[in-house]
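Asker: fold the following.
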Amino acid sequence: MGKIGFVGFGEVNTPIDIIVRKCKKAEAELLAEGLSLVSVYPVTDDYEEKDVKKAVAALKTEELDALVVCIAGWIPTHAVVKVTEHFRGKPMVLWGLCGWIEEDGRLVTTADQAGTTAIRKTFYDLGYTFKYVYDIIGKPSGAARVARYAVAAMAAARLRHSRTGMAGYRDMNLYGTQADGPSLKRVVGTEIETFEMLELEQRYQRVTAEEKQAVIDTAMAKWKFLKPAARESMEKAAGYYLAARAICEERGYEAISLKDVDGMKKLLGFPPAPIFMLLADEAGLATIPENDCLGNVTQLMVKYLTGEAAPYLEFYEFFENSVLAGVPDYVPAAVVDGDVTVMPAAFGELSEGILNVSRVKGGELTMCRLTAIDGEYYMHMVKGFGKTPPKWEEAGWTQPAPQLPGLEIELSDVPDFAEKVMCQHYVIAYGDRRELIGDLCEILGIEVI
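Answerer: Below you'll find the model as predicted:
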């Protein structure tokens, strides 16, 4: 959990007890939202600037991910800027509180919005990255919106130093799964590091039979097998999982992709679905196949924002009011409705592997995808509603063909989505997460489409 600075302002001539009371209430609301705060208030425009110096010193005791500038009453702009300039590189929330109604109907105000309206354009002119939130008498406070932006700021801070591991590169010579390293580092921060599949194989060869058996007896024992899988398939899944996990732990990777079709399947003769399942469920990593660089980064963005698994789905069919989105391999256990269900199966000329055929949770969801166009980054996202699809199969599987994991996702405007679609892989966040993802994109300077 990152730290958020909370600094409450009020003019020196306003009754101090009112400013303290309002700031204390706002602070408590943010704590109730789950934020970890470094708080200092009241900060006034006292002539000797003792409050300003006290605030700066207090806020510098911790490394902050964002700053909440809480305006509890009128405050001359200079007093605020003398604090915020020390943190100009941090995302900020300009939060104006509000007055109240006395029992006799009188409205009492400390001119909070006089303060915020004097400051808002100044923040803009100074080039700050900030969100403006104001409270309204008689309405719920803006604490939830402030907290949401703070969560986005914490996610942005984590992304700045995040790393993903890519075994091989550009599976199937696809274009849409590639990424430009320098621009991605500049805008988002994520470092995509590649390692050779030879290293994965070498590490696999060093995994002992006892280590493989331990994975089979614990992690894989959680799966419901529709029919028994070959012993060799079970051992390969466990061994390659342990090899990949060791690489990720040593290098601090929080997401991973493997060269799937032209790598694991073609060269090693083993479809990697159960490896991805184990990496997602046991190691807690974001996983996506086929060297999908920006897919991995989108997963990290969603995971940092929500704290939840960020599965990928790919598109099979477009309908008039919905899309069929599924996967030909696996989904993480966190999005499974019921038991994690698997079966041995083969596709075309590929070797038999362990295929996930679990039922996927439905409900309100957000589909999103980070993309780059002419060197600029964009986030395409849309709200939908997922429901269990009709019985379907992908041609090429051994018969009887498996029911692949997937959802029929209802969209408000399928043609508009299709005109903007950026890749075959999209990342799923449950619930309407558009505002939260939008806040992160705003902080990073990524346009939402």
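
Asker: from residue 431, how far out is the residue nearest to the spatial centre of the chain?
Answerer: Ranked by distance to the mean C-alpha position of the chain (Cα atoms, centre = their mean), the top residue is residue 302 at 1.8 Å. Residue 302 sits 11 Å away from residue 431, going by Cβ to Cβ, to the nearest Å. Where C-beta positions appear, they are placed from N, C-alpha and C, glycine not excepted.

Asker: likewise for residue 185?
Answerer: Residue 185 is 30 Å from residue 431, by Cβ to Cβ.

Asker: please name the nearest non-neighbouring residue to the residue nearest to the centre of the chain.
Answerer: The spatially closest residue to residue 302, leaving aside those adjacent along the chain, is residue 310, at 3.8 Å (Cβ to Cβ, 6 or more residues apart in numbering).

Asker: just the strands in the stretch 1-150 of the chain please.
Answerer: 3-9, 36-43, 64-71, 92-96, 100-101, 107-108, 130-134 (DSSP state E, counting those that start in this stretch).

Asker: which among these is found nearest to residue 287?
Answerer: Residue 287 lies closest to strand 64-71 among those, at 26.2 Å (Cβ to Cβ).

Asker: that closest one - contacts with which helices or strands?
Answerer: Strand 64-71 is packed against strand 3-9, helix 16-32, strand 36-43, helix 77-84, strand 92-96, helix 112-125, helix 143-160, with contacts defined by 3 or more Cβ pairs under 8 Å, 6 or more residues apart in numbering; DSSP states H and E.

Asker: touching, residue 203 and residue 243? I think so.
Answerer: Yes - using Cβ atoms under 8 Å, residue 203 is in contact with residue 243, at 3.7 Å.

Asker: between those two, which one's more packed in?
Answerer: residue 243 (20 against 17; other Cβ atoms under 10 Å).

Asker: which SSE is the more buried one in?
Answerer: Under the criterion of DSSP states H and E, residue 243 resides in helix 231-251.

Asker: quick one: mean pLDDT for stretch 301-315?
Answerer: For stretch 301-315, mean pLDDT is 97.

Asker: cool, and stretch 377-397?
Answerer: On average, stretch 377-397 scores 93.

Asker: quick one: distance of it to the chain centre.
Answerer: 19 Å (Cα atoms, centre = their mean, to the nearest Å).

Asker: again with stretch 54-68
Answerer: Worked out by Cα atoms, centre = their mean, stretch 54-68 lies 25 Å from the chain centre.

Asker: outside of it itself, list whatever touches it.
Answerer: With contacts defined as Cβ atoms under 8 Å, 6 or more residues apart in numbering, stretch 54-68 is touched by 2-7, 30, 37-38, 40, 43, 82-84, 86-87, 90-93, 95, 146, 149-150, 153-154, 156-157.

Asker: looking at this, residue 330 is in a helix?
Answerer: No - the assignment for residue 330, made by DSSP: H, G, I helix; E, B strand; the rest coil, is coil rather than a helix.

Asker: ramachandran angles for the residue in the chain sticking out farthest from the centre?
Answerer: Distance from the C-alpha centroid of the chain, by Cα atoms, centre = their mean, peaks at residue 104 (48.0 Å). Backbone geometry at residue 104, expressed as degrees, to the nearest 10, gives phi -90, psi 10.

Asker: same deal with residue 318?
Answerer: Dihedral angles (degrees, to the nearest 10) for residue 318: phi -110, psi 130.

Asker: so it touches residue 414, yeah?
Answerer: Yes - the pair residue 318 / residue 414 is scored as a contact, 6.0 Å apart, by Cβ under 8 Å.

Asker: neighbour-wise, which of these two wins?
Answerer: Remark: of residue 318 and residue 414, residue 414 carries more neighbours, 18 against 15, as counted by other Cβ under 10 Å.

Asker: please report how far residue 323 lies from residue 313.
Answerer: Distance from residue 323 to residue 313, by Cβ to Cβ: 9 Å.

Asker: how about residue 242?
Answerer: Distance from residue 242 to residue 313, by Cβ to Cβ: 27 Å.

Asker: and residue 211, which of the helices and strands packed on strand 64-71 is closest to it?
Answerer: Between the helices and strands packed on strand 64-71, helix 143-160 lies closest to residue 211; by Cβ to Cβ that is 31.0 Å.

Asker: still on that earlier bit, which strand or helix spans the residue nearest to residue 302?
Answerer: Going by DSSP H and E, residue 310 is not in any helix or strand.

Asker: that one reaches residue 296, doesn't it?
Answerer: No - look at residue 310 against residue 296 with Cβ under 8 Å: they stay out of range, at 9.7 Å.

Asker: joint contacts of the two?
Answerer: Common neighbours of residue 310 and residue 296 (Cβ under 8 Å, 6+ apart) are residue 286.

Asker: and these two? which has more neighbours close in?
Answerer: Using other Cβ under 10 Å, the more surrounded residue of residue 310 and residue 296 is residue 296, with 32 against 28.

Asker: who has more neighbours, residue 242 and residue 313?
Answerer: Neighbours per residue (other Cβ under 10 Å) separate residue 242 from residue 313, with residue 313 holding more: 25 against 22.

Asker: that one pairs with what?
Answerer: Residues in a beta bridge with residue 313, per DSSP bridges, are residue 426.

Asker: distance of residue 211 relative to residue 342?
Answerer: Taken as Cβ to Cβ, the span from residue 211 to residue 342 is 21 Å.

Asker: for those two, indicate the residue with more neighbours.
Answerer: Comparing residue 211 with residue 342 by other Cβ under 10 Å, the one with more neighbours is residue 342, at 25 against 13.

Asker: measure that one to residue 265 for me?
Answerer: In terms of Cβ to Cβ, residue 342 sits 17 Å off from residue 265.
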